[in-house]
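Novice: only geometry, no sequence info:
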């Protein structure tokens with residue numbers, strides 16, 4: 001059975017050298033998923049590609065300059081981050097279900113994207129995103145990535161707006 005998540009807290013945990021994603025569910029308690037750099041480096045480019053496809057200009061011109069496309073992405077990213085509101089973090093108790101993410105399934109339907117984080121033993125949790133929500137979460141993930149000092153090669157310039165050290169608490 002897939003657990004449906006409503007809210008996430010995403011943060012880098014130094015002692016684990018992993019990103020912890022704590023997810024809030026409606027009916028059951030929180031779940032904790034651990035994201036490794038190896039899997040994150042494979043998933044992020046696919047998420048960014050979906051965002052780029054969503055933000056394709058409506059002019060129908062496929063000959064637009066890469067510079068213009070970057071500027072449009074940067075503008076959309078800045079607007080999404082500006083709308084990000086702080087929430088209480090998702091707190092998972094010591095006995096909460098916890099697993100290392102082995103795979104991330106990406107499903108696209110009707111202009112929305114869902115991520116299903118899967119573990120080894122029938123463990124899975126799904127979170128839906130619209131384009132703005134995904135941009136916000138990727139911004140939080142990027143800050144955690146910077147804190148982890150993982151190689152930044154997968155991140156485009158339009159999301160690398162702030163290379164300053166991230167805050168300790170980043171939430172979505």
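Specialist: Right, received. Where do you want to start? A quick note: this is a predicted structure, and the numbers were derived from the prediction, not measured. Numbers count the residues shown, from 1 in each chain.
Novice: The one helix or strand residue 22 maps to pairs with which strands?
Specialist: Using DSSP states H and E, residue 22 sits in strand 18-25. Sheet partners assigned to strand 18-25 using DSSP bridges are listed as strand 3-13 (antiparallel), strand 31-35 (antiparallel).
Novice: Tell me which of those is the most buried.
Specialist: Most buried of the strands paired with strand 18-25, by mean neighbour count (mean count of other Cβ atoms under 10 Å): strand 31-35, with a mean of 21. In this view, the C-beta of every residue, glycine as well, is placed from N, C-alpha and C.
Novice: helix or strand right after that strand?
Specialist: Once strand 31-35 ends, the next helix or strand along the chain (criterion: DSSP H and E) is helix 37-54.
Novice: In terms of secondary structure, what does that next one contact?
Specialist: Packing contacts for helix 37-54, counted by 3 or more Cβ pairs under 8 Å, 6 or more residues apart in numbering; DSSP states H and E, involve helix 66-82, strand 103-109, strand 112-118, helix 131-148.
Novice: Contacts for it next, please.
Specialist: Contacts with helix 37-54, where a contact means Cβ atoms under 8 Å, 6 or more residues apart in numbering, come from 17-19, 69, 73, 76, 101-104, 106, 108, 111, 113, 115, 131, 134-135, 138, 141, 145, 148, 150-151, 154-156, 159.
Novice: Sort out which residues of it are buried, please.
Specialist: Neighbour-count burial for helix 37-54, counted by 16 or more other Cβ atoms under 10 Å, picks out 37, 39-40, 43-44, 47-48, 50-52, 54.
Novice: how about residue 80, what does it touch?
Specialist: Under the criterion of Cβ under 8 Å, 6+ apart, the contact partners of residue 80 comprise 131-132, 135-136, 139.
Novice: Dump the residues you listed to CSV, plus neighbour count, distance to residue 10 and pLDDT.
Specialist: What follows is these, written out as CSV (neighbours: other Cβ atoms under 10 Å; distance: Cβ to Cβ, whole Å; pLDDT from 0 to 100):
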residue, neighbour count, distance to residue 10, pLDDT
131, 17, 18, 93
132, 17, 16, 94
135, 25, 14, 94
136, 20, 10, 95
139, 19, 10, 95
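Novice: okay if I get those as CSV plus distance to residue 29?
Specialist: Formatted as CSV, the contacts of residue 80 follow (distance: Cβ to Cβ, whole Å):
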residue, distance to residue 29
131, 30
132, 28
135, 28
136, 24
139, 27
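Novice: Return the closest of those with respect to residue 3.
Specialist: residue 136 (21.1 Å; Cβ to Cβ).
Novice: residues in contact with the closest one?
Specialist: Applying Cβ under 8 Å, 6+ apart to residue 136 gives the contacts 80-81, 83-84, 172.
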